[in-house]
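Undergrad: Next input, structure requested:
(2 chains)
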Amino acid sequence: MSENNSQAPILEVTDLGIDFGGLTAVNDLNLNVYPNEIVGLIGPNGAGKTTVFNMLTKVYQPTRGTIKLLGQDTAKMTTIDVNKAGIARTFQNIRLFMNMSVLDNVLTGMHNDISYGNVSAIFRLPKYYQEEKEKTERAMELLKIFDLDQKADLIAGNLPYGEQRRLEIARALATQPKLLLLDEPAAGMNPQETEELMKTIRFVRDHFQIAVLLIEHDMKLVMGICERITVLNFGMMLMQGTPEEVRSNPDVIKAYLGE
Amino acid sequence: MKFIKALWNPKLRSRTISYLVVVAAYILLQAMMATGNLSRLFTSLLVPVTAYTVAAIGLNLNVGISGELNLGQAGFMSIGAFTAVVVSALLEGAGVGALLRLVICIAAGALMAAVMGWLISIPVLKLRGDYLAIVTLAFGQIIMSLLNNVYVGLDPKGLHFAFVTNTIQMEPGGKLLISGPMGATGVSTASTFTAGFLLILIALAVVYNLMYSRNGRAIMASRDNRIAAESVGIKVSQAKTLAFVTASCLAGAAGALYALNYSSFAATKFDFNNSILLLVYVVLGGLGNMTGTVIATALLVVLPEMLRFLQNYRMLIYAIVLIVIMLVSNNEYLRLKMQQLKTKLTRKKGAPANE
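TA: Numbering: from 1, shown residues only, chains lettered A, B, ... in the order given. You can find the predicted model right below:
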């Protein structure tokens, strides 16, 4: 499907579908994401974009089709397994740990990368200090990328909206994913913030060598940074192609603007 | 100076304040006792206050930090208490001194309550919110009813157990440790105020050390946002279990301390009312606020005794005072003022705050 990728895909979605009761929310979705690329998932409201993310992260169990992550079938995996296997995500309606500090939010993302146990923690053994120091340093580096390092000690719930969105991405990256799912990362941001965010997403992709799959309504962002775009409409795949192809496709225009 | 500064950094500040409050209260009370300024009534309340404080600190971990309502904390106290009675009698037979006996009993009570807490957490933590609260209430009642019907005797041949009816046949020299609704009898006391004080410090250290660690963050993350916690690879049920078991464990230690302060007590000492009272201490002190829990517990355990002069109106006035305290402490204006005072103080101490 994709011409310029000779590598094996990170994510391979085949004939994916899900029904809620009698209602088919997503059907026959095919989507590949290759290493190091930024892919957009767009479509009108209610097209099933977030449902796709929820299936990829196993919040929902797909009714049909397969999801392969690095060649591994995720059918039997839980949300936690999927994260361990390399998918991290953000949420459309921000889901931060609102009562915890900015730094602790990122450190929480490193949960499975910390090996000391309760005994080391309660008795404050050297292992605790050593690992906490290491992880705090890494967390601060991540926060710096998102320009949040000055706010590390603030409570996450007190951050302005745009910064909460950025913190959520930092927390997702803390889990060291191979594929980052961003659900409307620019929602609620002003044009200047969106511009910054585009730069940051590109930087993150290059710096951490990861693939990004993003849902977004801001066409400037989507067309600006996505190398490939998949368009959904009524739970079905409308088309897949480069930004230019999507922009000039009459079906897409029809889906967005109506007849 | 550098050390003091380190103790005041945002991560350690609340902990430093907690320790300071407890140590200050201990020194003050010891001084009052030494100079004969503490009445007999208050002196007799010192150990129970420390025991309730430890149990309340544990409960705050469960309710405030983990965000799960628990209405059975007194039940876990009673497990610790009755375990301590039996272990204490065994140790006394072996000629163990009072201090070591107390330490071992507290450890045994804590362990037993933790094991029971873990077993109970398996069905309980499948539920959430109000449902979970009601099931913990039920388990608290079950524990109390069971302990209300247990008979334990000790004679030279060893321990004897009976349930519902006392069928224990003992050899001469044997004595009944726990006799059903009569509760534990003939306990040789070993608890001291100093031991209680140290146990509070240990409980605070355990809770704070846990809070600021990998699994503590997992507990708080699971409270703040379950779905997001799972999305970063946290096993929410495991985190909740850890909080629940640690809370039970501290309640068990508290129960053991409480038990070895009295020569006799009944299982009904740890009924539903007590679970609710512990919850009141936690809520009044502030969810997740350990210093608040310590202060609230001390005040509210002592308050009914201070109101004794009101005789029959005592509990009525106690309830009214409680309502007033809750209203005042939840006053928006007062909260705002406190918040302003706090930022003012911290700004002076720390680096210039941004914003």
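
Undergrad: Distance from the chain centre to stretch A:165-183, please.
TA: 6 Å (Cα atoms, centre = their mean, to the nearest Å).

Undergrad: can I get the CA coordinates of that stretch in PDB?
TA: Only the C-alpha atoms of stretch A:165-183 are listed here, as PDB (Å, rounded to 0.1, in the frame of the first residue of the first chain):
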ATOM      1  CA  ARG A 165      -2.200  18.700  26.500                       C
ATOM      2  CA  ARG A 166       1.600  18.900  26.200                       C
ATOM      3  CA  LEU A 167       2.100  17.200  29.600                       C
ATOM      4  CA  GLU A 168      -0.100  14.300  28.400                       C
ATOM      5  CA  ILE A 169       2.200  13.800  25.500                       C
ATOM      6  CA  ALA A 170       5.200  13.900  27.800                       C
ATOM      7  CA  ARG A 171       3.600  11.300  30.100                       C
ATOM      8  CA  ALA A 172       2.900   9.000  27.100                       C
ATOM      9  CA  LEU A 173       6.500   9.300  25.900                       C
ATOM     10  CA  ALA A 174       7.700   8.400  29.400                       C
ATOM     11  CA  THR A 175       6.500   4.900  28.700                       C
ATOM     12  CA  GLN A 176       9.100   4.700  25.900                       C
ATOM     13  CA  PRO A 177       6.600   3.800  23.100                       C
ATOM     14  CA  LYS A 178       7.400   2.700  19.600                       C
ATOM     15  CA  LEU A 179       4.100   4.100  18.400                       C
ATOM     16  CA  LEU A 180       2.500   7.300  19.800                       C
ATOM     17  CA  LEU A 181      -1.300   7.800  19.400                       C
ATOM     18  CA  LEU A 182      -2.300  11.400  19.700                       C
ATOM     19  CA  ASP A 183      -6.100  12.100  20.000                       C
END
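
Undergrad: Name the residues of that stretch that come out as buried.
TA: A:165-183 (16 or more other Cβ atoms under 10 Å in any protein chain shown). C-betas here are computed from N, CA, C, even on glycine.

Undergrad: Which of those residues fall in helices?
TA: A:165-174 (DSSP state H).

Undergrad: so what's the residue lying closest to residue B:26 once chain neighbours are set aside up against?
TA: Excluding the flanking residues, the one nearest residue B:26 by Cβ to Cβ, 6 or more residues apart in numbering or on different chains is residue B:197, at 4.7 Å. Contacts for residue B:197 (Cβ atoms under 8 Å, 6 or more residues apart in numbering or on different chains) come out as B:22, B:26, B:50.

Undergrad: Tell me the first helix or strand C-terminal of the host helix or strand of residue B:197.
TA: Element membership for residue B:197 (DSSP states H and E) is helix B:193-211. Sequence-wise, the next helix or strand downstream of helix B:193-211 (DSSP H and E) is helix B:214-224.

Undergrad: Quick check: residues of the stretch 1-150 of chain A near chain B?
TA: Residues of the stretch 1-150 of chain A lying near chain B by Cβ under 8 Å from any Cβ of the partner chain: A:57, A:59, A:78-80, A:83-84, A:88-89, A:91, A:95-101, A:104, A:107-109, A:111-112, A:114, A:116, A:118, A:121-124, A:128, A:132, A:150.

Undergrad: For PyMOL, what selects the buried ones among these?
TA: Only the buried entries of these go into this PyMOL selection, using 16+ other Cβ under 10 Å:
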select buried, chain A and resi 57+59+78+79+80+83+88+89+91+95+96+97+98+99+100+101+104+107+108+109+111+112+114+116+118+121+122+128+132
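
Undergrad: any idea how far the residue of chain A found nearest chain B is from residue B:218?
TA: Nearest residue of chain A to chain B (Cβ to the nearest Cβ) works out as residue A:121 at 3.4 Å. Separation of residue A:121 from residue B:218 (Cβ to Cβ, to the nearest Å): 11 Å.

Undergrad: hang on, the earlier thing: I'd like the ones in helices among the buried residues of stretch A:165-183 written out as JSON lines, with pLDDT added.
TA: Formatted as JSON lines, those follow (pLDDT from 0 to 100):
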{"residue": "A:165", "pLDDT": "95"}
{"residue": "A:166", "pLDDT": "95"}
{"residue": "A:167", "pLDDT": "97"}
{"residue": "A:168", "pLDDT": "97"}
{"residue": "A:169", "pLDDT": "97"}
{"residue": "A:170", "pLDDT": "97"}
{"residue": "A:171", "pLDDT": "98"}
{"residue": "A:172", "pLDDT": "98"}
{"residue": "A:173", "pLDDT": "97"}
{"residue": "A:174", "pLDDT": "98"}
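
Undergrad: just to revisit the earlier point, please narrow the contacts of residue B:197 to those residing in helices.
TA: B:22, B:26, B:50.

Undergrad: Skipping adjacent residues, who's closest to the first one in space?
TA: Nearest in space to residue B:22, with sequence neighbours left out and distances taken as Cβ to Cβ, 6+ apart, is residue B:200 at 5.4 Å.

Undergrad: Also the last one?
TA: Distance criterion Cβ to Cβ, 6+ apart; nearest residue to residue B:50, sequence neighbours excluded, is residue B:196 at 2.7 Å.

Undergrad: So is the helix or strand hosting residue B:123 next to chain A?
TA: Counting by DSSP H and E, the element that carries residue B:123 is helix B:98-124. No - using Cβ under 8 Å from any Cβ, helix B:98-124 never reaches chain A; the gap is at least 12.0 Å.

Undergrad: Between helix B:193-211 and that helix, find me the angle.
TA: 40 degrees (axes from the mean of the first three to the mean of the last three Cα atoms, to 10 degrees).

Undergrad: continuing past the helix or strand containing residue A:239, what's the next helix or strand?
TA: Taking DSSP H and E as the definition, residue A:239 sits inside strand A:236-241. The first helix or strand that comes after strand A:236-241 along the chain, using DSSP H and E, is helix A:243-247.

Undergrad: If we go by neighbour counts, what in that following helix is buried?
TA: Here helix A:243-247 shows A:243, A:246 as buried, counting by 16+ other Cβ under 10 Å.

Undergrad: Show me what that helix is packed against.
TA: For helix A:243-247, the elements it packs on are helix A:219-225, strand A:228-233, judged by 3 or more Cβ pairs under 8 Å, 6 or more residues apart in numbering or on different chains; DSSP states H and E.

Undergrad: Looking at those, which one is packed in the most?
TA: For these, average neighbour numbers computed from mean count of other Cβ atoms under 10 Å in any protein chain shown are highest in strand A:228-233, which has a mean of 23.

Undergrad: Residues contacting it, please?
TA: A:2, A:26, A:29, A:31, A:37, A:39-44, A:47-49, A:52, A:222, A:237-243, A:246, A:249, A:252, A:255.

Undergrad: in the stretch 151-300 of chain B, which spans are strands?
TA: Ranges of strands in the stretch 151-300 of chain B, per DSSP state E, counting those that start in this stretch, are B:158-163, B:175-179.
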